[in-house]
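**Q** Following is a predicted model, sequence given first.
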Amino acid sequence: MGISFDPHHFKLTIMEKDGMNEMLVPGQYQGSDMGTVEKRSGRSNEEADRIFERACRRLLDVNSWGRLAGVSAFQLMDTSGISVDREAREGDYIRIDIPGPATMAGMGYDWVRVEEIKSFEKDGIAGLGMRVRPSAHPVSGNPETAHFLQETATSTFIIRREGNAVSAEEHGRNEVANTSAGNLIDKGRNMVVGLAAKLGLSYPQWKSLVKAFLAD
């Protein structure tokens, strides 16, 4: 089954005075943070509509992220840990196959869970946002976080339209290497990968992804 984005599928949330980011992006209180924004303007309302709706479809089409970003591979999984080909939903998992050594806790992969998806509209600004957080493997029975970052970390993706201007954003917060769980091999691997992320080596992937959300 393919992806067919319906802008009315998600519960509409009216933004508070602080705006969209503050509703979905957690505060920064430990570790490192990272963010990237890509912008594009339509030459008409109709073109801006097409850019915005296509970007929203691509955001929710997690299985296409690897092709769009060109580094890691991403697979959307349902709450039972079964791979699915549809729009992402709250409670789903994302299985990530990053280059390099894998974790035993994640059975060869890193895992995040889709924590929240919201659409927004206020004063001519509309948007769709999704926040994910490192998680345990959904079916292994091991409660330890199966990701190179601790579960305090989040990644928030936002597609925003204001007039004919459309932006795609990624905001990483509270990124701390996951060295407190798993066996010694996992701890060492997570320390190395987490350090690489802290040094900004994950930035090119997210930059490529948000840019691809807006591309023709």
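**A** Looks like it arrived, so ask away. Given the structure is predicted, the values throughout are model-derived calculations rather than measurements. Residues are numbered from 1 along each chain as shown.
**Q** Can you pull the phi/psi pair for the residue nearest to residue 139 when sequence neighbours are not counted?
**A** Nearest residue to residue 139, sequence neighbours excluded (C-beta to C-beta, 6 or more residues apart in numbering): residue 81, at 4.0 Å. (Each C-beta comes from the backbone N, C-alpha and C, glycine too.) Torsion angles at residue 81 (phi, psi; degrees, to the nearest 10) stand at phi 80, psi 20.
**Q** what's the answer for residue 169, then?
**A** phi -130, psi 150.
**Q** list the contacts for it?
**A** 21, 35, 36, 37, 38, 156, 157, 158, 159, 160, 210 (C-beta atoms under 8 Å, 6 or more residues apart in numbering).
**Q** most surrounded residue in those residues?
**A** residue 159 (28 neighbours; other C-beta atoms under 10 Å).
**Q** Any figure for the gap between it and residue 210?
**A** 9 Å (C-beta to C-beta, to the nearest Å).
**Q** Any regions of the protein where pLDDT drops low?
**A** For the chain, the stretches with pLDDT under 70 are 1-22, 100-102, 181-203.
**Q** so what strands line up beside the longest strand along it?
**A** Secondary structure of the chain read by DSSP state E shows that its longest strand is strand 110-122. Strand partners for strand 110-122, identified by DSSP bridges, are recorded as strand 12-13 (parallel), strand 93-97 (antiparallel), strand 125-134 (antiparallel).
**Q** Show the subsequent helix or strand relative to the longest one.
**A** So that's strand 125-134. strand 154-162 (DSSP states H and E).
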